[in-house]
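1. A predicted structure for the sequence below; I have some questions about it.
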Amino acid sequence: MKQMSIRALSLIAFTVVFVIGIFSLTYLSMTRGDDWTSFPANRHIYKDGVMVNAGDITDRFGTVLATTENGQRIFNDDYYTRLSTLHAVGDFNGFIKTGLATAKWDKLTGYNKITGLYDAKKGGNNIKMTISADLNTVALKALGNYSGAVGVYNYKTGEMLCMVSSPSYDPNEKNEETDGIYINRFLSSSYPPGSTFKVVTTIAALETLPDAESREYDCDYGTYVDGELISCMSKHHTVNLRDALAKSCNAYFSQLAIDLGADTMQKYADKLGFNTPAEIDGITAKAGTVDLDKIRKVDLGWAGMGQYTDLANPLQYLTLMGAIAGGGKAAKPYMIDSITTVEGIEIYRGGVSYTERMFSESTATAVHAMMRNCVTSNYGDYRFPDLNVCAKTGTAEVDQGVTPHSWFVGFVENNDCPLAFVVVAENAGAGVGVARTVANKVLQAAKQIV
Amino acid sequence: MLSELASFYCWLIRFIIPVAAVTVIFLCAKILLVNKKGNPVLAEFFDKSGTVYPITSYENAIGRGKQCDICVPSKRAALRAAALTLKNDGWHIFPVTSAAVLVNGERIDGDSLIEHGDTINIGGAELELDDRIEPDIPFDVTAELNRTRAVCAAAVLTAMQVMMALSLILHYAFIGDIPLQIPACFGGLIVVEWVYLVLMKFKKVGVELLAFFLCTFGLAVAASAVPAALYKQFIAMILGLVLFRALCLVLTNLELTMKLRYAVGICAIGLLMFNIIFGTEMYGAKNWIDLGPITVQPSEFVKIAYIFAGCATLERLMTTRNLILFTAFSAGCFIPLFLMRDFGTASVFFMGMLIIAFMRSGDLKAILLFIGVAVVGIIAIITLKPYVASRFATFMHAWDNPYDGGYQQVSTMIAIGSGGLFGVGGGKGNLDLVAASDTDLVFGFVAEEWGLIVGLACVAALIIFALYAVKRAALTYSVYYSIAAAAAAGMFLFQAALNIFGSTDLLPLTGVTLPLISNGGSSMLASMGMLAFIKSAGLGGDAK
């Protein structure tokens, strides 16, 4: 009999294997349960591949952007509202990954890993966004035929007021064109930043060089680095930091970046949000990139003025503008105002939260002043009536023979109208052209609703 | 107002039922697994120096080895010299080696009855038998406690059954007519359960309580998927309980069991042969027999016969030390199953075979040989008959073919995810729209409607069976019970592994049932029969 107790351990061995299997399954269901549940064959929430058992999505004024009626998922009945809010709201079929309909399907259906889809039967939860559908429409119309992105947020509260990606499409129509149309360019793109990056180099200089503001470099239609020309639009002669930023002098910033060195430039690029994907309400954006590892001197010069391999993400840039306006750290942008159950019980409310400090308050004040100077001395303050805009343009060279991207980034210096903005229009030419015009149109409309 | 009350009730019991389920499992684990005092002393040997050798089992190995139940203090004795067995007429001693075993000074060469006062001599050590001792039944403090636990577990279980039945009734009330089967079958189960437990005086009923627990979810699944089939499932449960009791009674009489072994073994193979010739093909396997109004799966019942005929007593273990006959018998069961293309059941048999073979021989090499042969066999089948492998083509790729080959697995995972920890409520799941959801995918079914916690509680019940078999392995009256219990529990667990992991794409989907839960008469009856072997592990101690 005694030997049986040892031989029975064979069953224990199998039991252990079985229990490991059960643990694995439990672990999988806890980690991947949301992927399993959100699969379009799930009849609890989908009908013919469309997630119908989900709550409403409304804009900041309560305009219904997506809802379910009689078991059908429908969007707002205004054509332009549908187009301009599409990327924020998301589509029927889950093609737009960062749209709320897909990225926040769990909130919309009331799913969580503990209670499963029990609450989906009641119709899920409603999400109210901070964006304004009308403002989005203004921005989309202002972009016209250009591809690109526009983002505006309140740098004091963090509320996103406008987030638009172009091209868009009408979700009520069958979409034929698919090339890049499902990408929310504000969140999921990264572009060469061009001269807007000079703000980053400026911050790095102000933070590390005691004589940064008085430092001067020569410009003769550019400058030669190791025998290679880094060209400039005009001959700026001897300029200081303030004027160089206003005139967007390539020679100045390439020499400044070289003097700062690759390590310092890399450190500040990282600090200001490059190489880390930004997030908005838990939705991950594409990371901007700056990689100065083992860089040639002349390339460091190009990198210091936003060319070389530099890439910036619009959301990350918007946050950086918020940090300059906010004295060195930014209110984090958010776009979900609140989530309420169908019974009207609020289960989530968005609110202000801040990034880590990116740079000192004195640096912020100095850059702030310089960006204001850019507008007053160069871009034309009269073009932005009643706004006090501080900004930097960018004309980002893409490829030989291709029209550069047009950037306009900045913020409004006004406590009653604390707006930061990013406009990027693809292949639209100089930053002082399309992007600047779009920015003014959107800011004038945004001013009305702050 | 009434409907609001009803939905509040349905919301509330989602949290109460898991608590009740875990409580029942916990109490049953206590009953079955918490240490008790050792077995009572049935008789004893003593030698001239006055050392006492207590005999606590019906079957005892005598020898020099430390693995023997009675270790004789003689260097000349064989490691395993003799078997001492209690039969109907008294104690028998059986020498298992060629070394001399003397009874009252005379050498014996076969099975001999020894009586009170007789002395045996093994390798020079003289032991005198005293079988007229006061039966020293140790006062078992846990026995009384366990009866209280059993009453509590039964009460909680009944409360859970009532709650579940009511929530299913409410679900059907919302969408139309209430199937009468639900109150009838749940009520019936509760009555049967209490009648049985009262008749058993709540003594040693841990195994049965767990079975009733699992059956409850079987009923709940059937009530949600196919209410019309509820009566059938309920009758299968009752018949299963009858079969269980009958087998328990037979097993209690070990001599009768031994006599029936060969007949049962031959019947098992005969039944499988009959199945091959007259069987009907359903769901891709020809393992059904059509009896007009009902179809049965003989291979399910052969599981019982396989254990019944395959296990052996200590005497046989010590005398016939090879597994030739057992291996031949196993092959006689495997080959028909393969011919029927019932690979799931075949692999469950293989698991049973491994456990029985190892428990009988303790020979790891033999086990490795069996596994080696199986691997070669599988490779041969895949090479020679590629269509067999194609049945398992979507294994590990369910999400790549979510709408065809992997549909069942994907649906099961969706169901588990949708249910969360507390489930969406009885009847409210969507898995019933998928083929075989109440049998092959039943774990997902339970998890979706009653939650993952309840699903894991069901799994825990099966694990407790295995732990119980292991814990009792050396404490039963006969090695036969130890082997049978381990084999039955191992086959349950292996079947559960194939069912649960198969439906969630961690193993190939073979289409075996989850014991005592899956909808289906043959499976239910056979599982209840298998339960008798697990129950037989309790034969020992104060249960005679």
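-> Arrived safely, thanks for sending. Just so it is clear, the model here is predicted, and its values are computed rather than measured. Numbers count the residues shown, from 1 in each chain, chains lettered A, B, ... in the order given.
2. what kind of secondary structure is residue 438 in?
-> You didn't say which chain, so I picked chain A. The assignment at A:V438 comes out as helix when based on DSSP: H, G, I helix; E, B strand; the rest coil.
3. my question was about chain B
-> Secondary structure for B:D438, judged by three-state DSSP, is coil.
4. was I right about it contacting B:F445?
-> Yes. In this structure B:D438 lies within contact range of B:F445 using CB atoms under 8 Å: 6.2 Å. For every residue, glycine as well, the C-beta is placed using N, CA and C.
5. which one of those two has more residues nearby?
-> Comparing B:D438 with B:F445 by other CB atoms under 10 Å in any protein chain shown, the one with more neighbours is B:F445, at 33 against 24.
6. list the contacts for that one?
-> Going by CB atoms under 8 Å, 6 or more residues apart in numbering or on different chains, B:F445 touches B:221, B:224-225, B:415, B:429, B:431-432, B:437-438.
7. any idea how chain B splits into domains?
-> What automatic domain parsing lists as the domains of chain B is B:2-33+B:141-536, B:43-130.
8. any bit of stretch A:14-29 sitting next to chain B?
-> Yes. With CB under 8 Å from any CB of the partner chain as the criterion, chain B is reached by stretch A:14-29 at A:14-15, A:18-19, A:21-22, A:24-26, A:28-29.
9. what residue in the stretch 1-150 of chain A comes nearest to chain B?
-> Per CB to the nearest CB, A:G116 is where the stretch 1-150 of chain A lies closest to chain B, at 2.6 Å.
10. ok, residue 330 - contacts?
-> All of this is about chain A. With CB under 8 Å, 6+ apart, A:A330 has these contacts: A:155, A:319-323, A:354-355, A:358.
11. should've been chain B
-> B:S330 neighbours (CB under 8 Å, 6+ apart): B:306, B:310, B:349, B:353.
12. among the contacts of A:A330, which two are most distant?
-> Greatest spatial distance in the contacts of A:A330: A:M321 and A:Y354, 14.5 Å, computed using CB to CB.
13. of those two, which one has the most company?
-> Neighbour count, other CB under 10 Å: between A:M321 and A:Y354, A:M321 has more, with 26 against 13.
14. is it true that the more buried one touches A:L419?
-> No. A:M321 lies out of contact with A:L419 (CB under 8 Å); the separation is 9.5 Å.
15. coming back round to it: where helices are concerned, which of the contacts of B:S330 count?
-> Mapping the contacts of B:S330 onto helices (DSSP state H) picks out B:306, B:310, B:349, B:353.
16. could you find the closest non-adjacent residue to B:A460?
-> Leaving aside its sequence neighbours, B:A460 sits nearest to B:I25 (CB to CB, 6 or more residues apart in numbering or on different chains; 5.0 Å).
17. and if you look at B:A532?
-> Of all residues not flanking B:A532 in the chain, B:L247 sits nearest, at 3.5 Å (CB to CB, 6+ apart).
18. who are the packing partners of the helix or strand containing the one you found?
-> Using DSSP states H and E, B:L247 sits in helix B:230-252. Applying 3 or more CB pairs under 8 Å, 6 or more residues apart in numbering or on different chains; DSSP states H and E, one finds that helix B:230-252 makes contact with helix B:181-199, helix B:206-225, helix B:254-278, helix B:521-536.
19. what's near enough to touch the closest residue to B:K48 other than its chain neighbours?
-> Of all residues not flanking B:K48 in the chain, B:E126 sits nearest, at 6.7 Å (CB to CB, 6+ apart). Residues near B:E126 by CB under 8 Å, 6+ apart: B:47-48, B:119-120.
20. quick one: buried residues of the stretch of helix or strand B:E126 belongs to?
-> Using DSSP H and E, the element containing B:E126 is strand B:125-130. By neighbour count on 16 or more other CB atoms under 10 Å in any protein chain shown, the buried set for strand B:125-130 is B:125-129.
21. then stretch A:1-9?
-> Buried residues in stretch A:1-9 (16+ other CB under 10 Å): A:1-5, A:7-8.
22. contacts for that stretch next, please.
-> The contact list for stretch A:1-9, computed with CB under 8 Å, 6+ apart, reads B:57, B:59-61, B:67-69, B:314, B:358-359, B:362, B:469-470, B:473-476, B:479, B:482-483, B:486.
23. for that stretch, give the mean pLDDT please.
-> For stretch A:1-9, mean pLDDT rounds to 85.
24. which neighbours do B:D438 and B:F445 have in common?
-> Common neighbours of B:D438 and B:F445 (CB under 8 Å, 6+ apart) are B:221, B:225, B:432.
25. among the residues you listed, who's most crowded?
-> Using other CB under 10 Å as the neighbour test, these are led by B:V221, with 28 neighbours.
26. where's that residue relative to B:P179, distance?
-> Distance, B:V221 to B:P179, by CB to CB, to the nearest Å: 14 Å.
27. follow-up on the earlier one: the helix holding B:L247: which residues count as buried?
-> In helix B:230-252, counting by 16+ other CB under 10 Å, buried: B:230, B:232-234, B:236-237, B:240-241, B:243-245, B:247-248, B:250-251.
28. go on, stretch A:427-444?
-> For stretch A:427-444, the neighbour count (16+ other CB under 10 Å) marks A:428, A:430-432, A:434-443 as buried.
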